[in-house]
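*Asks:* coords please:
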Amino acid sequence: MPGAVRRSTPRAWRRGTAAAGVLLCASAPQPPVRAPTPAAGAEWPVASADNGGSRYSPLTQITAANVGGLRRAWSLDLGSARLPPGTRSQFEATPIKIGDTLYLCTPDQKVYAVDAETGARRWTFDAKVDLLGAPVAACRGLAAFRDAQLPSCPLRLFLGTVDARLIALDARTGRRCADFGRDGEVDLAAAVGPHPRNAYGLTSAPVVSNGRVVVGGRIVDNQSVDTASGVVRAFDARSGALAWTWDADGGKTSARDGRLYAPGTPNAWAPMSADEALKLVYVPTGNASPDYWGGRRSAGSERYASSVVALDVDNGAVRWSFQTTHHDLWDYDVGSQPLLVDLTQGGQRIPALLQPTKRGQIFLLDRRTGAPIGGVVERPVPQGAAAGDRVSPTQPYGLGLPSFEGRPLTEESLWGLTPFDALWCRIRFRQARYNGPFTPPGVRPTLAFPGNAGGFNWAAASFDAARGRLFVHWQRMATYVRLIPRAEADREGLKVWDPAGGQPRHDAPMAGAPFAVEIKPFQSPIGVPCQQPPYGMIAAVDLGSRRVAWSRPLGSARDSGPLELRSGLPAPLGTPLAGGSLAVAGGVVFIGATQERAFRALDAATGRILWSDRLHTTANAGPMTYVGQSGRQYVVVAVGGSSLLRSPLQAKLVAYALPQAGALHAR
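*Replies:* The predicted structure follows:
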């Protein structure tokens, strides 16, 4: 049963904050900041609340004063996905709510319509995806489009599948919209170039803007220099007709192999954002392929990889781009959704964009032009590229917002549960090269830190428009990287991934490059990270003062331990994170995300834990909120576990509400 959690700040809490290398400052007065498109209080029409990615609700029925009384209102068991051996699964979906119905998708590509008041299932659609060989089964959400003039499917839902289809469904019945594409779907795989089965697909929700449905794509990393194209495509939301395409190399057809889109270009796997008034879609891009050697990258890939790119929603033309990592050799692709806010500075309104990155940097940009707000400085970084490659002499650092990069690794900061694994970690540290976050990969092992999972990942932030506060959560998990000379890789039999063989290995072939690559977490033989905790943190940033208001570790050691055993210890460890947060105008931040099986409510003003609920497995999705027909405010989160965090895979949708309905309040 849920219960209120009220405690003073422990010493370990303060130590963890210092370890994150973040300066704590007093809360500034409420700044003149607002969200450009606040979420409607009664509904939640977009997976991230709105196309600006705010993950914010103006509802105030649930507040910091009464959240301790929150109870489970209902839950819906969605069962366990039937996955082939070796396929990873993450239940990452944030439902959308339109009218009196919730709509969500599951890792095995089923879509559910659920009564928002009772949790009763209304209909189910099965995309019938054969997941054999799929590296990951995930679906972060659906998109919706409404046009009352359409003769059929006036309210339609869009599902992007892991086997690269865009499917349109009638929200009333769950049936395909026959007038969209071919029998309700568009094939996204045919023109991106040869690739192994299920090596190209979609995991993030499409973005719908100005009558366009815009999608990117997910690839299997580090397989080849000529992997599937990273093309971004827009389709007419009514007919499914292709409206425009964009890839880093201009989408030129190759007469040699008949590809329509350039191979190996930076893909866009993370959620996108859109500004309806400016008619811009903001695309966070990945790396050119492969991640850890860049000697054969095209000029377009060099320009647009690891960037945020603003595309004209009408024609796909690039209006501006900003690169967060030059010639990325560390898998620091931009995995976080761009967050759109409006700032008032010097008496002028500035439409702004916040771009969190895996590096722990948050770049603050003018979303009309891409110009930095507060400045960006280029700093020298270590050199020493692998054969046939180069290293950019400098990398950009944003000056507009605090950095969450954290303190660098040192031998003194390594640890272990026993003297033996601590010694093992220190030996490995001395054997590796580490000169900070931009240590170039090489044949000698190197350490990448914060690591290829971040820093900030796909649902890194929420924004309280009423208070002008940004809530961010991030992790710091070092990655061990070693380039393998081609002759050695050939002797080891490293080849491009075969779906029939199950999961891709830690050792990836990087076919077409002079090296393969070994990538794995920097942890001891008993499965414990070699660096001292905390591993996961959450913080609040006042956008008026642009300073950190509070910061704390997120998640206890209760469900973590060596050899994948659960320690049962309630110590505030700060666990690895995967998932999103929700900010509500009542002064509360809701978040699961941890390796611990818990869902929490934090005080937006102080970061203090106000309430928590023990779950059957981990909640690694983004929560959402709405008002039901009864007038009650519900908070809903998908709870289904994560293969990455080694938690049980059992999908449920869980809804919370106060015991008695109160009057509806919204700002």
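*Asks:* what is the burial count for Val232?
*Replies:* Look at Val232: counted by other C-beta atoms under 10 Å, it has 27 neighbours. Any C-beta I mention is one placed from the backbone N, CA and C, and that applies to glycine too.
*Asks:* sorry, that was for Pro648
*Replies:* Neighbourhood size, Pro648 [other C-beta under 10 Å]: 12.
*Asks:* Ala73 now?
*Replies:* Neighbourhood size, Ala73 [other C-beta under 10 Å]: 20.
*Asks:* can you pull the contacts of the nearest residue to Ala199 once chain neighbours are set aside?
*Replies:* Distances taken as C-beta to C-beta, 6 or more residues apart in numbering put Val220 closest to Ala199, at 4.4 Å, once the chain neighbours are dropped. By C-beta atoms under 8 Å, 6 or more residues apart in numbering, the residues touching Val220 are Pro135, Pro196, Ala199, Tyr200, Thr227, Trp497, Pro504.
*Asks:* show the end-to-end separation of stretch 156-166, please.
*Replies:* Terminal residues of stretch 156-166 are spaced 12 Å apart (C-alpha to C-alpha, to the nearest Å).
*Asks:* for the stretch 51-200 of the chain, which spans come out with low pLDDT?
*Replies:* Low-confidence segments of the stretch 51-200 of the chain (pLDDT under 70): none present.
*Asks:* got a list of what Leu278 touches?
*Replies:* By C-beta under 8 Å, 6+ apart, the residues touching Leu278 are Pro351, Arg367, Arg368.
*Asks:* the last one against Pro351, yeah?
*Replies:* Yes - between Arg368 and Pro351 there is a contact under C-beta atoms under 8 Å: 5.7 Å.
*Asks:* for Arg197, see how far away the residue nearest to Ala199 is.
*Replies:* 11 Å (C-beta to C-beta, to the nearest Å).
*Asks:* is the residue positioned nearest the centre of the chain in a helix, a strand, or coil?
*Replies:* In the chain, the centroid-proximal residue (C-alpha atoms, centre = their mean) is Trp458; its distance is 0.9 Å. With DSSP: H, G, I helix; E, B strand; the rest coil as the basis, Trp458 sits in coil.
*Asks:* same question for the one 5 residues further on.
*Replies:* When the structure is split into helix, strand and coil by three-state DSSP, Phe463 lands in strand.
*Asks:* that one contacts Asp50, doesn't it?
*Replies:* No - using C-beta under 8 Å, Phe463 makes no contact with Asp50, being 10.1 Å away.
*Asks:* higher neighbour count, these two?
*Replies:* A direct count of neighbours by other C-beta under 10 Å for Phe463 and Asp50 places Phe463 higher, at 27 against 22.
*Asks:* burial count for the closest residue to that one other than its chain neighbours?
*Replies:* Take Phe463 and drop its neighbours on the chain: the residue closest to it by C-beta to C-beta, 6+ apart is Ser54, 4.7 Å away. Counted by other C-beta under 10 Å, the residues lying close to Ser54 total 28.
*Asks:* ditto for Ala65
*Replies:* Ala65: 12 surrounding residues under other C-beta under 10 Å.
*Asks:* now it: which helix or strand?
*Replies:* Ala65 belongs to no helix or strand when assigned by DSSP states H and E.
*Asks:* any idea how far it is from Gly586?
*Replies:* As for Ala65, its distance to Gly586 is 8 Å (criterion: C-beta to C-beta).
*Asks:* ditto for Leu83
*Replies:* Separation of Leu83 from Gly586 (C-beta to C-beta): 38 Å.
*Asks:* comparing these two, which residue is more hemmed in?
*Replies:* Taking other C-beta under 10 Å, Leu83 and Gly586 do not tie; Gly586 has more neighbours (24 against 18).
*Asks:* the more buried one contacts Pro58, doesn't it?
*Replies:* No - using C-beta under 8 Å, Gly586 is not in contact with Pro58; the gap is 9.5 Å.
*Asks:* now do the contacts for Ala651.
*Replies:* Contact analysis of Ala651 by C-beta under 8 Å, 6+ apart lists Asp77, Leu78, Gly79, Ser80, Ala81, Phe91, Thr106, Pro107, Ala638, Val639, Gly640, Gly641.
*Asks:* same list (those) but as CSV, adding distance to Ser581, neighbour count and secondary structure.
*Replies:* Listed next are these as CSV, based on distance: C-beta to C-beta, whole Å; neighbours: other C-beta atoms under 10 Å; DSSP: H, G, I helix; E, B strand; the rest coil:
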residue, distance to Ser581, neighbour count, secondary structure
Asp77, 25, 12, strand
Leu78, 22, 24, strand
Gly79, 27, 12, strand
Ser80, 26, 16, coil
Ala81, 25, 19, coil
Phe91, 17, 32, coil
Thr106, 21, 25, coil
Pro107, 21, 31, coil
Ala638, 14, 28, strand
Val639, 15, 24, strand
Gly640, 17, 30, coil
Gly641, 19, 25, coil
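*Asks:* would you turn the residues you listed into a markdown table with distance to Gly398?
*Replies:* Below are the contacts of Ala651 laid out as a markdown table (distance: C-beta to C-beta, whole Å):
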| residue | distance to Gly398 |
| --- | --- |
| Asp77 | 44 |
| Leu78 | 40 |
| Gly79 | 44 |
| Ser80 | 42 |
| Ala81 | 39 |
| Phe91 | 33 |
| Thr106 | 37 |
| Pro107 | 34 |
| Ala638 | 32 |
| Val639 | 35 |
| Gly640 | 35 |
| Gly641 | 35 |
